[in-house]
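Peer 1: This is a predicted model, with the sequence first.
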Amino acid sequence: MKRLILFFCCILYITNAMALRQPREMKTQVDSLLASYERTYAGLGRFRVKEISINAAEKRVNIYCSESLSYIPYRPAVVSKLYAQLDSLTHAGQPDYKVQVFAGSKELSALIPNMFRPDKNVDRNRFPKKEFQGTPLMTPLSKPYTVTQGLGNRHLALWQSHGLYYRLRTDRWLWQRDRVFQTVEDKYTMSYVLPYLVPMLENAGANVFLPRERDTQTNEVIVDNDGSSGSSIYRERGTTIENGGNSGFGFTKKQLENTENPFTLGTYRKSGARSTENVAFEWIPDIPEDGWYFVSIAYKTLANSSKNAHYTIYHTGGQTEFSINQQMGGGTWIYLGNFYFKKGIHSESGRVTLTGATKGRGTVITADAVRFGGGMGNIARPDFSYEKMPSKPAAPAKPDTTLQHIQEPNITNNNIITDEKMPQDSLSTDTVRYTTKHVSVSGRARYLEGARYWLQWAGMPSNIYHKRKDEAPNDYNEDIWARPYWVNYLNGGSVYSGKDSASTGLKIPIDLSMAIHSDAGRVKGDSIVGTLAIYTTSLNNGQFSTGQTRMTSRDLADMIQTQIVDDLHQRGVKNWTRRGLWDRSYAESRETDVPSVLMELLSHENFADMKYGLDPRFKFTVSRSIYKAILKYLAYQHHSPFVVQPLPVSHLASEFVDDTHINLSWKAENDSLEPTAIPNRFIVYTRVEGEGFDNGQITEGTSMTLAVEKGKIYSFRVTAVNDGGESMPSETLSVCRNWKSTPVAMIVNGFDRISAPTWFDTPSYGGFTDNGVPDKADISYTGKQNNFNRLNFKGQESSSFGNSDANFENTAVAGNSFDFPYIHGQALKAAGYSFVSCSRAAVEENGELLNGYKMVDLILGKEKQVPFGGNINHVAFRTFTDKLNAALRRYCIAGGNLFVSGSFVGSDLWNNGQADSTGVNFATSVLKYKWHNEKASVSGQLQGVTLPYATFAGQWNFCTQINDKQYAVESADGIDPADNAPNAHTIALYPESNISAAVAYKGSYKTVVCGFPFESLNTEEQRKDWMQKVIRFFEK
């Protein structure tokens, strides 16, 4: 018996030993397999087995791996392949066992986004528990189309990172990041959100909400029943209007202190909704200067509020109408749109009205303030009196590691150097004595400030932006926490909130939220850091308050990151890096009670990233990718079809049909990345005499005949439309039929360049040497780079590589307005010419567009060949293309008069790093000039040369300094008359160097070529004078 017991003990020991040894052997094999996936998904970290569990009773092998394995963007094919490989490893020991792999706490199949799964495997808990089927907050009534397969009825919350904040420790307002590569993250990410992403989403039909000011207009006008700015007028008409109560907006203080809420300092007005328009409220602003102003409204939400309050904005482009659902969104600012207003009081073209013509018996409309413009920051900080105690140094605050993305290593690649830390801002109560009042505002435009300050101005309750766990002041932390709490407050009481918040929320059904950041850190060797996506599943047992699983946030994060990286690869950025999909606990993705994602688009500290990151074309592509991903995600979530809005149209051209009509034509642009982005209609917008655009006329064709009144300059731009929404606008063309039967000029807009700053790159030195060409305006620029030493990197210290100046951080730097035919046209009109205009693409496709015109004015601006980001093989914006040259040559040979102006008319042909013998030959043989040098003028001064043409006597100046009105000419070309061209002469020079600035040729045809852009002349009077002299020369 003893021997039998001993035998069974031995068998048991041997079996246990084999069971213990087998997982060890399996672990080695699985680790080897995962190492191959590490190479495929380089940069995501090490993929390692942490534990293998063999359950004999259930015949299951569970393999538990490192969290980093979850960073992979899983698809069914990837998961199936990995399981098949693992099955082959485990089959010998456990042939009948089922293998499951866990990355962190998630089984791999759970990491596949719903939309990529077969229907039978879809996770139904990722869909919203209820559908919002009500009336959206804001409905545009003046658009000539309806979005049916876009983002209509969707409400989105998103924001750009950071912003100015008050730092108590140093008693000053600071950026939350350092200036590097001519920008700062606090400004940089808004250059995606404001000019690109928000318009794209709104063009798709979405209502978009931001916790930071979106208007870069630094003027602000308040019109309110309790007091207004300047001489602004509030008035009302109707017998049923009455005071609504003492919980409305009040414009009673220039600065707000403590937690003062401006939406509790005044009253509001209300009236029963009627079926006739005998009730009206009017807000007439006293506008301080001509310009574009966002209009935002305020009202009170009551239990019986109307769902269709009718607002009309009267602006210089006409009247634009909106329907507002006042059952949600009361007690804050609601943006309606951006409109052009003239200085002063102009009730016919500068007012907002709210009428009582609404539907629904027993409902009321309410009226509060209306705001024009973004204004300057008016939140005074700090909100208490304090004195620093010299006897005891302040203890540094312990960072809350759940707050923000900078508190843990952001970049998992071992070659990345990063030294970004959270500001140690708080002062403990032991080191502060509360004494004399001490407050200050930032002194900056409100759009530059962080969310914490805007949300106070926007009427949020103080517990949204004033969260202090230890009662110690820390605006940095408050700014971070305010954003997700604001999302929940907007959403409170809606169908997408499961919390008992009907009495405290704004009842706006927020579909999702998104934070857009750029990261810190750089890669040794200067390769691309790339795009990281962060989501959070750890809160509330992995669910939102509605019961929807937070794993839907991973689906959203995956789809956005995938769309960005795939689109960039397709657009030629083959080396763009896809970083991980992180399930981490960050406030901006954790505290929101709706599907949420935090995106780190790139590293603003990494030179290779910023070669692309400062390029407007890159920003457009990335923003469009984000829009498309949101569109596809929400379409899938709500089981609806989607169509991607079209790309902007191209090849614009105009011509006179008769004295009072022009024909405008264009071409649709194919989107090779999106098969649904095909336009089926187009909208032509019209502007008269440089004021605002109208609401547009819709057409199904690619041309339209339009009436024009003699003596006025008309301008047109075109958008493409489909069921998914409206494209971004085209360039702007201008025309004018002068009163008399005058000669007609054709203006060719050859300046279509937008690009990153010019860069250089060596092993020891690198950086940006100008400010590039912004797309209309650059709101991210801070100042020139001042440290070019690549070997000098000391974290966030001001002496590190890429460090940049701060002298332009308050300026929206002017760039390519795509509206220069209007500027040239003003001068032609003053000289007695009529004119039409077209794009260079139209001329390159059809050179006959130039036939028959008395004069051709070719705008080249700052056109020159530049790479797309760091891809030196992807070059665009050549000044003189072969097709353009052929059209201009034919025009000249026919006896034409050609006026050409641009900064790089010589250097882009002679000094572009590539042989361009055909371009040089065209310049010397047809245009009759040759290149002398670049950077021929610093001052921008011009002096006319009177021999042999006395016509050009005079002095002029062109813009050489960065500003918010006109792009700066950093480098003007010196050009000389061509050799063997005796009839070509210098007509102007740069007096500081006596280098020739402009050349005129007189033969069987005539040319005037300038090494500076005509539109950069400093005043309208100078431009009129120069154009008059050019025309006089042509007519002699």
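Peer 2: Received the coordinates, thanks.
Peer 1: quick one: contacts for residue 963?
Peer 2: 811, 813-814 (Cβ atoms under 8 Å, 6 or more residues apart in numbering). C-betas here are computed from N, CA, C, even on glycine.
Peer 1: And the pLDDT at the nearest residue to residue 807 once chain neighbours are set aside?
Peer 2: Leaving aside its chain neighbours, residue 807 sits nearest to residue 783 (4.8 Å; criterion: Cβ to Cβ, 6 or more residues apart in numbering). According to the prediction, residue 783 has pLDDT 97.
Peer 1: again with residue 504
Peer 2: So, for residue 504, pLDDT stands at 81.
Peer 1: Need the contacts of residue 963 in CSV (columns: pLDDT and distance to residue 574).
Peer 2: Conversion of these to CSV gives the following (pLDDT from 0 to 100; distance: Cβ to Cβ, whole Å):
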residue, pLDDT, distance to residue 574
811, 97, 35
813, 98, 30
814, 98, 33
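Peer 1: Could you pull up the residues touching the residue nearest to residue 807?
Peer 2: For residue 783, the contact set (Cβ under 8 Å, 6+ apart) comprises 179, 182, 804-809.
Peer 1: how close does it get to residue 959?
Peer 2: Distance, residue 783 to residue 959, using Cβ to Cβ, to the nearest Å: 18 Å.
Peer 1: Domain-wise, how is this structure divided?
Peer 2: According to automatic domain parsing, the chain comprises the domains 22-112, 138-210+386-522+550-635, 221-372, 846-1035.
Peer 1: low-confidence ranges in the stretch 701-850 of the chain?
Peer 2: Along the stretch 701-850 of the chain, segments meeting pLDDT under 70 span 793-798.
Peer 1: likewise the chain?
Peer 2: Within the chain, the segments meeting pLDDT under 70 span 1-22, 92-94, 273-277, 357-360, 383-438, 468-472, 500-503, 793-798.
Peer 1: Can you point out the buried residues in stretch 313-323?
Peer 2: Across stretch 313-323, burial judged by 16 or more other Cβ atoms under 10 Å covers 313-318, 320-323.
Peer 1: cool, stretch 343-362 as well?
Peer 2: Under the neighbour-count criterion of 16+ other Cβ under 10 Å, stretch 343-362 has 346, 349-358 buried.
Peer 1: that older thread, out of the contacts of residue 783, which end up buried?
Peer 2: Buried, going by 16+ other Cβ under 10 Å: 179, 182, 804, 808-809, out of the contacts of residue 783.
Peer 1: wait, which of those residues is closest to residue 117?
Peer 2: Nearest to residue 117 among the buried ones among the contacts of residue 783, counting by Cβ to Cβ, is residue 182 at 44.0 Å.
Peer 1: From what I see, that closest one and residue 757 are in contact.
Peer 2: Yes. Contact criterion Cβ atoms under 8 Å: residue 182 and residue 757 qualify, at 6.6 Å.
Peer 1: Please identify which of the buried ones among the contacts of residue 783 is nearest to residue 676.
Peer 2: When these are compared against residue 676 (criterion: Cβ to Cβ), the nearest one is residue 182, at 37.1 Å.
Peer 1: With residue 844 as the reference, measure out to that closest one.
Peer 2: Using Cβ to Cβ, residue 182 is found at 33 Å from residue 844.
Peer 1: just residue 916 next, same as before
Peer 2: Between residue 916 and residue 844 the distance is 17 Å, computed by Cβ to Cβ.
Peer 1: Then residue 310?
Peer 2: Distance of residue 310 to residue 844, computed by Cβ to Cβ: 47 Å.
Peer 1: do the same with residue 631
Peer 2: For residue 631 relative to residue 844 (Cβ to Cβ), the value is 33 Å.
Peer 1: Neighbour count for these two, which is higher?
Peer 2: Using other Cβ atoms under 10 Å, the more surrounded residue of residue 631 and residue 844 is residue 631, with 28 against 19.
Peer 1: Can you verify that one is assigned to a helix?
Peer 2: Yes. According to DSSP: H, G, I helix; E, B strand; the rest coil, residue 631 belongs to a helix.
Peer 1: So the closest residue to it other than its chain neighbours: helix, strand or coil?
Peer 2: The spatially closest residue to residue 631, leaving aside those adjacent along the chain, is residue 642, at 5.3 Å (Cβ to Cβ, 6+ apart). Of the three states, residue 642 takes coil according to three-state DSSP.
Peer 1: quick revisit: Serialize the buried residues of stretch 343-362 to CSV and add fields for secondary structure and distance to residue 49.
Peer 2: Formatted as CSV, the buried residues of stretch 343-362 follow (DSSP: H, G, I helix; E, B strand; the rest coil; distance: Cβ to Cβ, whole Å):
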residue, secondary structure, distance to residue 49
346, coil, 73
349, coil, 71
350, coil, 69
351, strand, 69
352, strand, 64
353, strand, 68
354, strand, 65
355, strand, 69
356, coil, 70
357, strand, 69
358, coil, 65
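Peer 1: Please enumerate the helices of the stretch 901-1036 of the chain.
Peer 2: Here the stretch 901-1036 of the chain has its helices, by DSSP state H, counting those that start in this stretch, at 907-910, 917-922, 1020-1035.
Peer 1: Counting by contacts, list what the last one packs against.
Peer 2: Under the contact criterion of 3 or more Cβ pairs under 8 Å, 6 or more residues apart in numbering; DSSP states H and E, helix 1020-1035 touches helix 820-830, strand 897-902, strand 955-957, strand 1006-1010.
Peer 1: So which of those is nearest residue 31?
Peer 2: Comparing those by Cβ to Cβ, strand 897-902 comes nearest, at 60.8 Å.
Peer 1: That closest one pairs with which strands, and in what direction?
Peer 2: When sheet partners are counted by DSSP bridges, strand 897-902 sits next to strand 855-861 (parallel), strand 1006-1010 (parallel).
Peer 1: and the angle for it with helix 1020-1035?
Peer 2: If you take axes from the mean of the first three to the mean of the last three Cα atoms, to 10 degrees, strand 897-902 sits at 140 degrees to helix 1020-1035.
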